[in-house]
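[1] mind folding the following:
(2 chains)
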Amino acid sequence: AQKVTQAQTEISVVEKEDVTLDCVYETRDTTYYLFWYKQPPSGELVFLIRRNSFDEQNEISGRYSWNFQKSTSSFNFTITASQVVDSAVYFCALSEARTNAGKSTFGDGTTLTVKP
Amino acid sequence: KAGVTQTPRYLIKTRGQQVTLSCSPISGHRSVSWYQQTPGQGLQFLFEYFSETQRNKGNFPGRFSGRQFSNSRSEMNVSTLELGDSALYLCASSPEGLAGGRGTDTQYFGPGTRLTVL
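    The predicted structure is shown next:
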């Protein structure tokens, strides 16, 4: 069975601080896909990144960066120099390639509050 | 391209009634998945449709059903509503969904329908 754990329920930082959101996953598949989504107060889940299990290269996109480590089954997300607009709920999700088409398993989310 | 659209955005029903929610996927996307989001249970997968067929199903009672039309638009129906059905219902579309070792598409989500059951 697949499982995603986001241990941090809420995080509060002051603007310009760096913040890392943790994600730990469990799966029996050797091929799987990991995602991060942002959910602002409007409710719509906004896709941020997708990472394939066979590609452990870390990625940076502007102020966002992701650290994927298969050895520890983690896919952590770092926001550098946080801004108030980053305030949202962030979800980590897992999809298995072998079965379960069209299904993602989500973590419980981390609510990030960035204060001015 | 226009994003995933869901209608209605807000809905208030009473216990025992039934409700139908609609989702129009991104043009060209053939896979539509539905999720229920509640404060207590988080985001849970309901089902996925591809080419008018339900291809995958989560652990929800039979009161939850869906269908997909030939233009890939999908509807979700909940019969005999219960208070616990109050939630944000999210629809996600992807080109193919895929499975069986062929990879998986990225899902793009709509704004959701917020259902309140009184």
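[2] quick one: buried residues of the lowest-mean-pLDDT helix or strand in chain B?
    One helix or strand of chain B scores below all others by mean pLDDT, DSSP states H and E: strand B:53-57, with a mean of 88. By 16 or more other CB atoms under 10 Å in any protein chain shown, the buried positions in strand B:53-57 come out as B:55-56. From N, CA and C alone the C-beta is placed, and that goes for glycine too.
[3] so what strands line up beside it?
    Strand B:53-57 sits in its sheet next to strand B:42-50 (antiparallel), going by DSSP bridges.
[4] residue B:76 against residue B:68, yeah?
    No - counting by CB atoms under 8 Å, residue B:76 does not reach residue B:68; the two are 10.1 Å apart.
[5] can you give me the helices for chain A?
    For chain A, no helices are identified by DSSP state H.
[6] what does it have sitting close to chain B?
    A:31, A:33, A:35, A:37, A:42-47, A:50, A:52, A:91, A:93, A:95-109 (CB under 8 Å from any CB of the partner chain).
[7] drop anything exposed from those.
    For these, buried by 16+ other CB under 10 Å: A:33, A:35, A:37, A:43-45, A:50, A:91, A:93, A:95-97, A:100-109.
[8] who's in contact with residue A:58?
    Applying CB atoms under 8 Å, 6 or more residues apart in numbering or on different chains to residue A:58 gives the contacts A:65-68.
[9] if you set the cut-off to 10 Å instead, what comes out?
    The neighbourhood of residue A:58, defined by CB atoms under 10 Å, 6 or more residues apart in numbering or on different chains, consists of A:51, A:65-69, A:76, A:78.
[10] between the two ends of stretch A:75-88, how far is it?
    18 Å (CA to CA, to the nearest Å).
[11] now the helix or strand of chain A with the lowest mean pLDDT, how far from the centre of its chain.
    The weakest-scoring helix or strand in chain A, judged by mean pLDDT, DSSP H and E, is strand A:59-61 (a mean of 83). With CA atoms, centre = their mean, to the nearest Å as the basis, strand A:59-61 stands 13 Å off its chain's centre.
[12] again with stretch B:21-38
    For stretch B:21-38, the distance to the chain centre is 5 Å (CA atoms, centre = their mean).
[13] coming back round to it: for the least confident helix or strand of chain A, packing partners?
    Helices and strands touching strand A:59-61, by 3 or more CB pairs under 10 Å, 6 or more residues apart in numbering or on different chains; DSSP states H and E, are strand A:46-52, strand A:64-69.
[14] for residue A:34, list each beta-bridge partner.
    Here residue A:34, judged by DSSP bridges, has bridge partners residue A:51, residue A:94.
[15] isn't it up against residue A:53?
    Yes - Residue A:34 is within contact range of residue A:53, at 7.5 Å (criterion: CB atoms under 10 Å).
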